[in-house]
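pasted the sequence and its predicted model underneath.
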Amino acid sequence: MTDLTRRRFVAVAGTSLVAVSTVPLFAPRAFGQAKPKLVVIGGGPGGGTVARYVNKDSAGAVEVTLIEPQRNFTTCFFSNLHVGGFRDFKSITHTYDKVGREGIKMVHEAAASIDRDKKEVVLAGGRRVPYDRLVVAPGIDLKWDSVPGYSEAAAEAMPHAWKPGSQTQLLVKKLNALKDGDTIVMICPPNPYRCPPGPYERISMFAHVLKSKGHNRSKIIALDPKETFSKQALFMEGWEKHYPGMVEWQDPKVHGGIKSVDPKTGEVKTDLASYKAALANVIPAQMAGRIARDAGLADASGFCPIHPESMKSKMDANIFVVGDACIPGDMPKSAFSANSQAKVAAMTIRGELTGSRTFPARYSNICWSLIAPDDDVKVGGSYEPGDGKLKAVSTFVSQKGEAADIRKQNYKESLDWYAAITADVFG
Amino acid sequence: MCHADVGARLVGLAVSGVMICIGTSLGISAPDLELGRYLASECVTCHRTATATGPIPNIFGMAEPRLTTLLRAYRDKQLPNPVMQQIADRLNDEDIAALAAYFAQARSP
């Protein structure tokens, strides 16, 4: 850094010496260089985690900027529990107040594009934010036209609620307005999509609300483009046990194909039948968030290929992609996965920018799903780089017919996990 | 598995814990705290805000032999929680020593 004043140099050097004495795990770069810059796009469980871990573990040696347009972030995970009436909306909504106080530069503005040649993020207002390393964690975008008749405008009548916030609130409002005998139709998404057990946990929460209100004549029709789904045996056992006759799940062999939805009339047509939905929950196909696709980080699948050893983009050595926007191999797209991927990315980035030690990448995931009060099931796995992807090295899933105390314990675990992971992401 | 259950089973595992302590005292290589800190980032996803009474126990400040014994017991399937069995499954003795040493001296994430 040629324009560094003597005074500035002393300040920088002093900071580094303090860091060395208090945080022995940090290896500083040579004195006299400008602080390397990490910019993170997206403040969810992937992006928020990378920002906080690099900021803390580098002890101020890396300048960290987190770009997230929302000041209040509602988590998609646990939003089903809000649908079921187990959590209020406020309890799944978080601020970045603590993140900002930790020294991370918060930019509450949308990132419009990435100039990969100049290594700059262009904000919606035109300002440019330079980076040495960039983390792209924009989550998902919905493929509106994957369901004939559906659109962004149609989501006001037929909410997807697969991006949390106002859509979640709209879904709950419509659910609470149903009368006994009304029909709910869910259109499930094709693979790959955010939160594989999510649609089926949501069906369970719908059924719980209907049962609680005594709406015994109501039905939930689930139209699925897939022939199987996550934790299928567990959900089907639970539906039969808690909500007998209420849930009708149809695979493509049964419905013959989803032909159209009409947001004006609530009609949903398949190849074999037509349903009048008082509530239609349409969850379309998904792809990486727009900014990742526009920057050329995605492949033909619409998601972003990464190197499994580091979460580094295969398209750009200065960019990492974590969370739902990446191609996670055997890992599911979940908040737990995003948080786990973020820690590998943070370690790698810190190593590249400060010379600190790095270790072989390890990943893990656990997903809890609530079927009924105190009846919670879980699935999980450990993952490592292998065969060019994030490869499962071990997995587990809850068993059918488990004792009630195990299922109740699972639910309590999930509450502890939510508190822990949101503290990990938001402080 | 609740915290109390783990405590009860630990009585039966005490002998192996003593053996580990002896191993440590004999001067077998010192735990790698930096490795422990990295591995611990996986643990905090669930244990970060744990309390003394919750189903997910607090492990910050836990005595080194106790956490070592617990992790080995999960790895050896002597304790039943499938989440912890899976987490511990890929931990070798060096990993467990590093984690136990890290959490023993860490009071918060």
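Sure, I can see it.

where does chain B have low pLDDT?
B:1-28 (pLDDT under 70).

equivalent analysis for the stretch 1-150 of chain A, please.
A:1-33.

contacts only, for the spatially closest residue to A:Y96 that is not a sequence neighbour.
In space, and not counting its chain neighbours, A:Y96 is closest to A:M106: 5.3 Å by C-beta to C-beta, 6 or more residues apart in numbering or on different chains. Glycine gets a C-beta too; all of them are placed from N, C-alpha and C. By C-beta atoms under 8 Å, 6 or more residues apart in numbering or on different chains, the contact set of A:M106 is A:L66, A:E68, A:Y96, A:V99, A:G100.

which one of those is nearest to chain B?
A:V99 (14.3 Å; C-beta to the nearest C-beta).

so is the strand or helix carrying B:R66 next to chain A?
Using DSSP states H and E, B:R66 sits in helix B:64-75. No - shown here: helix B:64-75 not in contact with chain A (C-beta under 8 Å from any C-beta of the partner chain), separated by at least 11.4 Å.

run a quick neighbour tally on the closest residue to B:P31 other than its chain neighbours.
Residue nearest to B:P31 in three dimensions, not counting chain neighbours: B:A101, with 3.5 Å by C-beta to C-beta, 6+ apart. Burial measure for B:A101: 21 neighbouring residues, criterion other C-beta atoms under 10 Å in any protein chain shown.

B:R37 is in contact with B:A101, correct?
No - with contact defined as C-beta atoms under 8 Å, B:A101 does not count as touching B:R37 (9.9 Å).

do a quick rundown of the helices in the stretch 251-400 of chain A.
In the stretch 251-400 of chain A, helices defined by DSSP state H, counting those that start in this stretch lie at A:252-255, A:290-294, A:335-354, listed in chain order.

any chance of these in JSON lines, with mean pLDDT and distance to chain B too?
Compiled in JSON lines, the helices of the stretch 251-400 of chain A are given as follows (pLDDT from 0 to 100; distance: least, C-beta to the nearest C-beta, whole Å):
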{"stretch": "helix A:252-255", "mean pLDDT": "98", "distance to chain B": "32"}
{"stretch": "helix A:290-294", "mean pLDDT": "98", "distance to chain B": "24"}
{"stretch": "helix A:335-354", "mean pLDDT": "98", "distance to chain B": "4"}
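
now, of those, which is deepest in the fold?
helix A:335-354 (a mean of 26; mean count of other C-beta atoms under 10 Å in any protein chain shown).

quick one: distance of that helix to the chain centre.
With C-alpha atoms, centre = their mean, to the nearest Å as the basis, helix A:335-354 stands 16 Å off its chain's centre.

for stretch A:95-110, same thing?
The answer for stretch A:95-110 is 19 Å, by C-alpha atoms, centre = their mean.

buried stuff in it?
A:Y96, A:V99, A:I104, A:K105, A:M106, A:V107 (16 or more other C-beta atoms under 10 Å in any protein chain shown).

now do the first one against A:A51, distance only.
According to C-beta to C-beta, to the nearest Å, A:Y96 and A:A51 sit 10 Å apart.

give the residues shared as contacts by those two.
Common neighbours of A:Y96 and A:A51 (C-beta under 8 Å, 6+ apart) are A:G43, A:L66.

how about the residue sitting nearest the centre point of chain B, what does it touch?
What sits nearest the mean C-alpha location of chain B, by C-alpha atoms, centre = their mean, is B:L67, with 2.9 Å. B:L67 makes contact with B:I59, B:L99, B:A100, B:F103, B:A104, according to C-beta under 8 Å, 6+ apart.

rerun that using 10 Å as the cut-off
B:G17, B:C43, B:I59, B:G61, B:I96, B:A97, B:L99, B:A100, B:A101, B:Y102, B:F103, B:A104 (C-beta atoms under 10 Å, 6 or more residues apart in numbering or on different chains).

in PyMOL, how would I select just the buried ones from those?
Burial among those is assessed by 16+ other C-beta under 10 Å; the matching PyMOL selection reads:
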select buried, chain B and resi 17+43+59+96+97+99+100+101+102+103+104
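
pick out the most distant pair among the contacts of B:L67.
B:G17 and B:C43 (19.3 Å; C-beta to C-beta).

show me what the nearest residue to A:A325 once chain neighbours are set aside is bridged to.
Among residues not flanking A:A325 along the chain, A:A288 sits closest, at 3.8 Å (C-beta to C-beta, 6+ apart). A:A288 has these beta-bridge partners by DSSP bridges: A:I140.

for burial, what's the neighbour tally of the nearest residue to A:D416 once chain neighbours are set aside?
The shortest distance from A:D416 to any non-neighbouring residue, by C-beta to C-beta, 6+ apart, is to B:I56 (4.0 Å). Per other C-beta under 10 Å, the neighbour tally for B:I56 reads 25.

again, but for A:Y193
Neighbour tally, A:Y193, other C-beta under 10 Å: 22.

dump the residue contacts of it.
A:140, A:142, A:162, A:199, A:226, A:283-287, A:324, A:332-333.

which one of these has the most neighbours?
A:D324 leads the contacts of A:Y193 on contacts (other C-beta under 10 Å) with 32 neighbours.

quick check: A:G257 vs A:G302, distance?
Counting by C-beta to C-beta, the gap from A:G257 to A:G302 is 22 Å.

tell me how chain A divides into domains.
Domain assignment for chain A, taken from automatic domain parsing, gives A:6-141+A:287-359, A:149-285.
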